[in-house]
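In: need coordinates for the below:
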Amino acid sequence: MTTTALVVAAGSGSRMGGGVPKQFRMLGGKPVLRWAVESLIRHPAMRAVRVVVGQGQQDQARQALHELDVGPLIEGGAERTDSVRSGLATVSGDAILVHDAARPFCPSAVVDRLLASLEFFEGAAPVLPVGDTLARIGDTIGDPVDRRGLGRVQTPQAFRIGALKSAYESWRGPSPTDETMVMRAAGMTVAAVEGDPALEKLTVPADFQRAEQWLAGRLRPRTGMGFDVHAFAGQGPVIIGGIEVPHSRGLAGHSDADVVLHAITDALLGAAGLGDIGVHFPPSDPRWKDADSSLFLAHASRLLRENGALIDHIDCTIIGEAPKVAPHREAMRARIAEIAGLSVDQVSVKATTTEGLGFTGRQEGIAAQAVATIRMGF
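Out: Numbers count the residues shown, from 1 in each chain. Okay, here's the model as predicted:
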């Protein structure tokens, strides 16, 4: 069965109080939309993931989804149903998962249950039972409502593509809140499968606080260390921290010999247990001759995120007598943050000397030592 996931992310987030739409707000170091897409794109049953965004939101979406394979972004409409219809028109295959970007965490087991149900039903949706007392409310609490047989319907929802397209062609009502309404109105059967509390929707600011707390309980802190050294050779400038720093001599190396980015790359890879820079970019490979070391750091950062890791902080100490780092510190921080997809306040760059001792004290080269703190486990 070929399955495509359609992530609907065209909302304005008005109930969040304006400003940045909730699908682009940061949660645990990543945009909400990226969480939602990553949770589906790594499922082995997904042939493709497509994203529907609102008019004028393409740039925000591209930034949030940087380097994720989601194909061309789809422009949605004013109502949710308009966005789903736009997405449906672009997909083919056997099955489709329609998911709200405002539900960033989708356990793989829920997707398994949904797709298994499509063998017997035209559609399936995750459902959680109602555990609270229900009552009609105004200014005061009114009559109770019998909660037996009631449930909260979540997304993603799975459908046979042909069935959902047919159901939408016959839909004549107001904009539905989800696709189960459309399917049932067309006389089709939608299975109820076990949902998951992780699929709670982000609607108001308090939901973000709850989600952050949930993430904190799922992710384990991990630390990695990196060290690199390169000898002076040839003419300057030197490349340190992703920028050119004026100096009378350059640094020798197979790549551009950026000791800072090399040390940080190793620290990140080490924290995630993903080997070291030599494993991913062996110096024996001619492809990396004179390579820009930003490629190495970007690769490591992407690998961590693909493995469900959050980068909390990077701290690097440059060891050498010259050149002086202080005039270039902020530019280095900004460049490192840009490459790794972090904010500047998540990056620290320091410098020290060895008081004339050793090879750095004799100004034979520069060393760098880095520590990376990450969270991993989701």
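In: list the strands paired with the helix or strand harbouring residue 50, with their directions.
Out: For residue 50, the element it lies in under DSSP states H and E is strand 46-53. Within its sheet, strand 46-53 is paired with strand 3-9 (parallel), strand 74-75 (parallel), according to DSSP bridges.
In: which positions in the longest one come out as buried?
Out: Read it as strand 3-9. Applying a neighbour-count criterion of 16 or more other Cβ atoms under 10 Å, one finds 3-9 buried in strand 3-9. For the C-beta atoms, the positions are set from N, CA and C on the backbone; glycine is no exception.
In: okay, these in a markdown table with pLDDT next?
Out: Putting these into a markdown table (pLDDT from 0 to 100) gives the following:
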| residue | pLDDT |
| --- | --- |
| 3 | 96 |
| 4 | 96 |
| 5 | 97 |
| 6 | 97 |
| 7 | 97 |
| 8 | 96 |
| 9 | 94 |
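In: switch the residues you listed over to JSON lines; also include distance to residue 42.
Out: Shown next, in JSON lines, are the buried residues of strand 3-9 (distance: Cβ to Cβ, whole Å):
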{"residue": "3", "distance to residue 42": "14"}
{"residue": "4", "distance to residue 42": "15"}
{"residue": "5", "distance to residue 42": "11"}
{"residue": "6", "distance to residue 42": "17"}
{"residue": "7", "distance to residue 42": "13"}
{"residue": "8", "distance to residue 42": "19"}
{"residue": "9", "distance to residue 42": "18"}
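In: which of the residues you listed lies closest to residue 26?
Out: residue 9 (14.9 Å; Cβ to Cβ).
In: OK, contacts around the closest one?
Out: 23, 33, 36, 51-54, 57, 61, 101 (Cβ atoms under 8 Å, 6 or more residues apart in numbering).
In: relative to residue 189, which of those residues is nearest.
Out: residue 52 (25.9 Å).
In: just list whatever residues bridge to that closest one.
Out: residue 8, residue 74.
In: tell me if I'm right that it and residue 23 touch.
Out: No. Residue 52 is not in contact with residue 23 according to Cβ atoms under 8 Å; the separation is 10.5 Å.
In: isn't residue 153 up against residue 125?
Out: Yes. Using Cβ under 8 Å, residue 153 is in contact with residue 125, at 5.3 Å.
In: higher neighbour count, those two?
Out: residue 125 (24 against 16; other Cβ atoms under 10 Å).
In: quick one: what helix or strand has that one in it?
Out: strand 123-129.
In: list the contacts of stretch 239-251.
Out: 230-238, 256-261, 293-294, 297, 316, 318, 322-323, 325, 328, 331-333, 335-336, 338-339, 349, 365-366.
In: quick one, strands of the stretch 101-250 of the chain?
Out: Secondary structure of the stretch 101-250 of the chain (DSSP state E, counting those that start in this stretch): strands at 123-129, 134-137, 141-145, 151-153, 157-160, 190-194, 220-235, 238-240, 243-245, 249-251.
In: what pairs with the fourth one, and is each one parallel or antiparallel?
Out: According to DSSP bridges, strand 151-153 forms sheet pairs with strand 123-129 (antiparallel).
In: before we move on, back to that, which one of the strands of the stretch 101-250 of the chain lies nearest to residue 270?
Out: strand 220-235 (3.3 Å).
In: now do that closest one: distance to the chain's middle.
Out: 26 Å (Cα atoms, centre = their mean, to the nearest Å).
In: go on, stretch 335-355?
Out: 22 Å.
In: just stretch 35-53 next, same as before
Out: Here stretch 35-53 shows a centroid-to-chain-centroid distance of 11 Å under the convention Cα atoms, centre = their mean.
In: can I get that stretch in PDB, CA atoms only?
Out: These are the backbone C-alpha positions of stretch 35-53, laid out as PDB (Å, rounded to 0.1, in the frame of the first residue of the first chain):
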ATOM      1  CA  TRP A  35       8.100  18.200  14.700                       C
ATOM      2  CA  ALA A  36       4.900  17.100  13.000                       C
ATOM      3  CA  VAL A  37       6.600  16.400   9.600                       C
ATOM      4  CA  GLU A  38       9.500  14.600  11.100                       C
ATOM      5  CA  SER A  39       7.200  12.300  13.100                       C
ATOM      6  CA  LEU A  40       5.600  11.100   9.900                       C
ATOM      7  CA  ILE A  41       8.500  11.300   7.400                       C
ATOM      8  CA  ARG A  42      10.600   8.800   9.400                       C
ATOM      9  CA  HIS A  43       7.800   6.200   9.400                       C
ATOM     10  CA  PRO A  44       8.700   3.300   7.000                       C
ATOM     11  CA  ALA A  45       5.200   3.200   5.500                       C
ATOM     12  CA  MET A  46       5.300   6.800   4.200                       C
ATOM     13  CA  ARG A  47       6.100   7.100   0.500                       C
ATOM     14  CA  ALA A  48       5.900  10.900   0.700                       C
ATOM     15  CA  VAL A  49       5.000  13.700   3.100                       C
ATOM     16  CA  ARG A  50       3.400  16.900   1.600                       C
ATOM     17  CA  VAL A  51       2.600  20.100   3.400                       C
ATOM     18  CA  VAL A  52      -0.200  22.600   2.900                       C
ATOM     19  CA  VAL A  53       0.600  26.200   4.100                       C
END
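In: in it, what's buried?
Out: Result for stretch 35-53 [16+ other Cβ under 10 Å]: buried residues 35-41, 43, 45-46, 48-53.
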